[in-house]
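Chemist: coords please:
(chains A, B, C and D)
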Amino acid sequence: MEQFFLAIGIALMLLMFLSLYRVLAGPTILDRMLGGNVIGTKTTALLLLIGLLYDNVGMFVDIAIAYAMLNFIATLGSAKYFLHRKSIHLEDHQ
Amino acid sequence: MILNIVSIVLICAGLFFFAVGTLGILRFPDFYTRVQAAGKCDSLAAVLVLVGIAVYNLGDLSLATVLVSIKILFIAAFVFISSPTATHAITDAALLIGVKPWTKEKNTP
Amino acid sequence: MAKVVTFLVMFAFWVVMSGMFDAFHLSFGVVSCLLIAHFSHSLLLYGDPKSWGRGFFGILFYLPWLFWEILISNLQVTYIVLHPRMLDLIDPQLVRFKTSLKRPISKVTLAQSITLTPGTVTVDIEEDELLVYALTASGAQSLAGSAMERRIAAALEGGK
Amino acid sequence: MKQRLERATGQHPGDSPIIKTSVRLLVPFVQLFGLYVIVHGHYSPGGGFQGGVALGASFILLALAYDLKTSIRHFSEGANAVLANTGALIYTGVAALCAVMGGLFLDYSALDKLIPLGPIEWRSFGIFLVEVGVGLAVMSIMVSLFWDISSGGEMDEGL
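Modeler: Reported below is the predicted structural model:
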């Protein structure tokens, strides 16, 4: 069972590296944010897998909750930030 | 033993949908279609993996492990509410900023 | 009333989170839950007290069906993603459609369900109109008068 | 397509009922999680700082989903300033009290002379007191940083 969780964790890491391509090469800023959000969701699952590997799930659950929360706030905040910045930018040009 | 098999099936299904979501955000042609892949596949995959881990955690039954499993289900519920909301926020921002959607008429000769 | 219910919900959440039943932690749990019940009672619950319980159980019965729909829609998206000539299959379009739901919470439930199911993302809600971005034409057509809307109406607005 | 985009651009940004309702359902749980992290600082990861960040994040979430005024209505500027100073005061107060009672700075076992509970219990309880102070200070300073930066010190609109 340990080997299985290790394999799943490594596969998740690989998928995160693939998502990182979208963060680095995304044509628009929102593509990059989307890539970041996707990586954050995978990290929540990965943290719990690490907890299972260390036989200490009770501790890693708290970290995973905090991470899921901050991922949500970061996405919401950056979406709103770029919306705000962009609308100021549009008003200047009109 | 049955719990282990159930959790292996759930986690493998979750990993499959994670892979599909990642492939989706790499292959789709524009931002709005990428949001589809990320918003749907990722939230379902995260919920499946988390439920799988919660089921595996019930292997040695005691009060502490049951509570930890319920906490993991709380994370799943949180992801279930927050993931569509984040998707909605990004899509809304994209439409208001004016990111051009990919359409079939424009791109097929 | 809202404060009492918020306190009870929060205390149940605390007991599950904490997992320690000694006097020190339980007493601080009571203090924390009282603080939150005092400051945030208007956030979690609002409106008619009778609708809270019905809404909760309605959502509970609605969730399994929603989960099944999500699974099917994910398989559709999987088919599109894995198809070698993907660009032939997709036909993205923005769709507006009217909903007959009245309460804000049920509109939001409908919007979230649409975001999670067949190839569609809710972009905006204006009054009773939803702006939906659909991945395929069939997904866009299946929205109007769907079973989802009827089920949400039965779960959250029944008995009105 | 063009018309729809223009109509969408015309409305006030950030007024989506979806985000508002979801955030309203999540905020009390986020706040309780912050308090849980503060109280359980010496059994599980976290402590004053992390709990304070989670508490502050809940108010930032309110300000993001609604507007700055709603956030200020739930947690006023005056209370914010008082809490920031109270947090720092609790921290230095406990530390200085230890020094006055004959121990080192932040040597909680010295507090045993004030209220006899036993030095080991006092070490545990003293850490808890200091963490409450740190949590309060971190929460209010994070929230006021966000308010000031997002509105340019005006406290009226922004984000």
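
Chemist: Next, give phi and psi for the most centrally placed residue in chain D.
Modeler: Nearest to the mean C-alpha position of chain D, by CA atoms, centre = their mean, lies residue D:139 at 2.1 Å. Residue D:139 adopts backbone torsions of phi -60, psi -50, taken as degrees, to the nearest 10.

Chemist: cool, residue C:93 as well?
Modeler: Main-chain dihedrals, residue C:93, degrees, to the nearest 10: phi -160, psi 150.

Chemist: ok so, going back, contacts only, for the residue nearest to the centre of chain D.
Modeler: D:34, D:52-53, D:55-56, D:59, D:83, D:87 (CB atoms under 8 Å, 6 or more residues apart in numbering or on different chains). Quick note: C-beta positions are derived from backbone N, CA and C, even for glycine.

Chemist: same check, this time on residue B:55
Modeler: For residue B:55, the residues meeting the contact criterion (CB under 8 Å, 6+ apart) are B:3, B:6-7, B:10, B:69.

Chemist: run the last query once more with 7 Å
Modeler: B:3, B:6-7, B:10 (CB atoms under 7 Å, 6 or more residues apart in numbering or on different chains).

Chemist: most surrounded residue in these?
Modeler: Neighbour counts for the contacts of residue B:55 peak at residue B:7, which has 24 neighbours (criterion: other CB atoms under 10 Å in any protein chain shown).

Chemist: ok, and it, which helix or strand is that part of?
Modeler: In this structure, residue B:7 sits in helix B:2-27 according to DSSP states H and E.

Chemist: Spatially central residue for the chain, please.
Modeler: Just so you know, I chose chain A. residue A:40 (1.6 Å).

Chemist: think we crossed wires, I meant chain C
Modeler: Closest-to-mean residue, chain C, CA atoms, centre = their mean: residue C:109 / 3.7 Å.

Chemist: so does stretch A:23-31 get close to chain B?
Modeler: Yes. Applying CB under 7 Å from any CB of the partner chain, one finds that stretch A:23-31 is in contact with chain B at A:28, A:30-31.

Chemist: next one: stretch C:99-116
Modeler: Yes. Stretch C:99-116 lies within reach of chain B by CB under 7 Å from any CB, at C:112, C:115-116.

Chemist: Now narrow these to whatever sits close to chain D.
Modeler: Contacts with chain D within the residues of stretch C:99-116 next to chain B, as defined by CB under 7 Å from any CB: residue C:112.

Chemist: Okay, and which of the residues of stretch C:99-116 next to chain B map to helices?
Modeler: Using DSSP state H, the subset of the residues of stretch C:99-116 next to chain B located in helices is C:112, C:115-116.

Chemist: The residue nearest to the centre of chain A contacts residue A:71, correct?
Modeler: Yes. Counting by CB atoms under 7 Å, residue A:40 does reach residue A:71; the two are 3.4 Å apart.

Chemist: sorry, back to before: for the residue nearest to the centre of chain A, list the residues it contacts.
Modeler: Going by CB under 7 Å, 6+ apart, residue A:40 touches residue A:71.

Chemist: Secondary structure element holding residue 33?
Modeler: All of this is about chain A. Per DSSP H and E, residue A:33 falls inside helix A:29-53.

Chemist: not what I meant, chain D
Modeler: Short version: residue D:33 belongs to helix D:17-39, going by DSSP H and E.

Chemist: Now do that helix: which elements does it pack against?
Modeler: Packing partners of helix D:17-39 (3 or more CB pairs under 7 Å, 6 or more residues apart in numbering or on different chains; DSSP states H and E): helix A:57-93, helix B:63-97, helix C:2-18, helix C:23-44, helix C:104-116, strand C:120-126, helix D:48-65, helix D:119-151.

Chemist: Pull out the buried residues from the shortest one.
Modeler: Applying a neighbour-count criterion of 16 or more other CB atoms under 10 Å in any protein chain shown, the buried positions in strand C:120-126 are C:120-125.

Chemist: do the longest one as well
Modeler: Of all the residues in helix A:57-93, those buried under the rule 16+ other CB under 10 Å are A:57-58, A:60-69, A:71-80, A:82-84, A:86-87.

Chemist: filter these down to the ones near chain B?
Modeler: Answer for the buried residues of helix A:57-93 near chain B (CB under 7 Å from any CB): A:57-58, A:61, A:64-65, A:68, A:72, A:75-76, A:79, A:82-83, A:86.

Chemist: Distance to residue B:28 and pLDDT added to those residues, as a markdown table?
Modeler: Shown next, in a markdown table, are these (distance: CB to CB, whole Å; pLDDT from 0 to 100):
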| residue | distance to residue B:28 | pLDDT |
| --- | --- | --- |
| A:57 | 35 | 83 |
| A:58 | 39 | 81 |
| A:61 | 33 | 88 |
| A:64 | 28 | 90 |
| A:65 | 31 | 90 |
| A:68 | 25 | 90 |
| A:72 | 23 | 91 |
| A:75 | 19 | 89 |
| A:76 | 23 | 88 |
| A:79 | 19 | 85 |
| A:82 | 21 | 80 |
| A:83 | 22 | 77 |
| A:86 | 23 | 67 |
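
Chemist: so which two of those residues are the farthest from each other?
Modeler: Greatest spatial distance in these: A:58 and A:86, 43.5 Å, computed using CB to CB.

Chemist: where are the low-confidence patches of chain A?
Modeler: In the predicted model of chain A, residues A:86-94 satisfy pLDDT under 70.

Chemist: Kindly report the same for chain B.
Modeler: Short version for chain B, where the test is pLDDT under 70: B:104-109.

Chemist: 80 instead?
Modeler: Where chain B drops to pLDDT under 80, the residues are B:39, B:60, B:96-109.

Chemist: Could you pick out the residues of it near chain A for me?
Modeler: Neighbours of chain A within chain B, by CB under 7 Å from any CB: B:4, B:8, B:11, B:15, B:18-19, B:21-22, B:25-26, B:31, B:34-35, B:38, B:42, B:46, B:49-50, B:53, B:57, B:64, B:68, B:71-72, B:75, B:78-79, B:82-83, B:86, B:89-90, B:93-94, B:96-97, B:99.

Chemist: Taking these, please make a PyMOL selection of just the buried ones.
Modeler: With 16+ other CB under 10 Å as the criterion, this PyMOL line picks the buried residues out of those:
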select buried, chain B and resi 8+11+15+18+19+21+22+25+26+31+34+35+38+42+46+49+50+53+57+68+71+72+75+78+79+82+83+86+89+90+93+94+96+97+99
